[in-house]
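> Okay, predicted coordinates and the sequence, questions at the end:
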Amino acid sequence: MAPTRARGSLLMDRYAVIGNPVAHSKSPQIHAAFALATGEALVYERLLAPLDDFPGTLAAFRRQGGLGANVTLPFKLEAYAAASEHSARAVQAGAVNTLVWREDHWFGDNTDGVGLTRDLRQNLGCRVADQRVLVLGAGGAARGILGPLLAVHPRMLVISNRTVKKADELAALFAEDGPVVSETARNLAGQSFDLVINATSSSVGEDTHPLPWPAGLFAPGAFAYDLMYASEPTRFLNWADQQGATRRADGLGMLVEQAAESFLLWRGVRPETRAVLDGLRG
Ligand code: ATR
């Protein structure tokens, strides 16, 4: 896809990550590495939007020539509203994490889910096809990954959430896309899975509520994946470790892969991710 460039401008093409907070974001570092490796001339900055003025921040960025943005918490729904054209996967996710300026409007896409499946399959060698997959949580993060997960054909995908009604709603929403059901935490007792994905926000902040799921969810050789990443193993990954899950990963690889997918949308070139991911882990 050809990027739209500011004609006659001596300035480099501008991109940004917009969030609140945003100071911690690794996206500028990741996109700078992609730009260097691919020889693309661009600048990528952090923009802190006031909680009550995402549209104003986006409009000001566009006036300054902004061509594309990543959008992080808590603005993914507002980014959806700001876009007047959406990809099918953004519609499925109900949220936008990537905006692309197209001639006279914002195109909204969502690269989170495909970032996860690429990380699982390409980077981690974790098979999804024909496997039993459990997704914990039924908020925005869970919704964003369900379509791309079902697209790689798990044998079954179970959604389980503390608030049961939200899991039921998500399972119903994706029923036509593959074998997806919801299950209460209690009813999961005695069941085991090949891949357990934490899509709850329980790994962030000071949350100390015990996770409501029973022991024994990890089949022998199962993979535990947390969409969150942190310098220390997350609460979910420690829990998985205690339960004998030997293969574990946090969401840093997903972050890098979703960024690569955004870069592809903006610049028409897919950057290599391995060296960038190794650099961040180092
Ligand atoms: P996000 O956009 O990160 O998905 P969200 O839409 O607020 O954020 O959803 C947070 C998810 O984490 C929800 O599924 C929430 O469960 P509830 O729907 O029952 O609130 C889940 N969650 C947060 N803290 C949790 C905890 N301590 N144990 C279990 N689930 C938790």
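Cool, the structure landed.
> For the stretch 101-250 of the chain, which residues are neighbours of the ligand?
Within the stretch 101-250 of the chain, the positions near the ligand by CB under 6 Å from any ligand atom are 137-142, 161-163, 166, 200-202, 207, 209, 211-212. For every residue, glycine as well, the C-beta is placed using N, CA and C.
> Recalculate using a threshold of 5 Å.
Counting by CB under 5 Å from any ligand atom, the residues of the stretch 101-250 of the chain close to the ligand are 137-141, 161-163, 166, 200-202, 207, 209.
> Adding secondary structure, distance to G244 and neighbour count, write the residues you listed out as TSV.
Below are these laid out as TSV (DSSP: H, G, I helix; E, B strand; the rest coil; distance: CB to CB, whole Å; neighbours: other CB atoms under 10 Å):
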residue	secondary structure	distance to G244	neighbour count
G137	coil	22	25
A138	coil	26	25
G139	coil	27	14
G140	helix	30	17
A141	helix	25	24
N161	coil	24	25
R162	coil	23	17
T163	coil	28	11
K166	helix	29	17
T200	coil	21	26
S201	coil	25	15
S202	coil	20	22
D207	coil	24	11
H209	coil	23	7
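> any weak-confidence spans in this protein?
For the chain, the stretches with pLDDT under 70 are 1-10, 205-207.
> quick check: domain ranges of it?
As assigned by automatic domain parsing, the chain contains the domains 13-110+254-281, 113-250.
> Which pair of the residues of the stretch 101-250 of the chain next to the ligand spans the longest distance?
By the measure CB to CB, those have their two most distant members at G140 and H209, which lie 19.3 Å apart.
> Relative to R102, which of the residues of the stretch 101-250 of the chain next to the ligand is nearest.
For these, the nearest to R102 is G140 (24.6 Å; CB to CB).
> What residue, apart from its backbone neighbours, is nearest the closest one spatially?
For G140, ignoring the flanking residues on the chain, the nearest one in space by CB to CB, 6 or more residues apart in numbering is A95 at 5.6 Å.
> What ranges does this structure have for its helices?
Ranges of helices in the chain, per DSSP state H, are 27-38, 54-63, 76-82, 88-93, 112-118, 140-151, 164-173, 235-242, 252-267, 274-281.
> List the buried residues of the shortest one.
Of the residues in helix 88-93, those with enough neighbours to count as buried (16 or more other CB atoms under 10 Å) are 89-90, 92-93.
> Identify the residues contacting I30.
I30 is in contact with 255-256, 259, 276, 280, counting by CB atoms under 8 Å, 6 or more residues apart in numbering.
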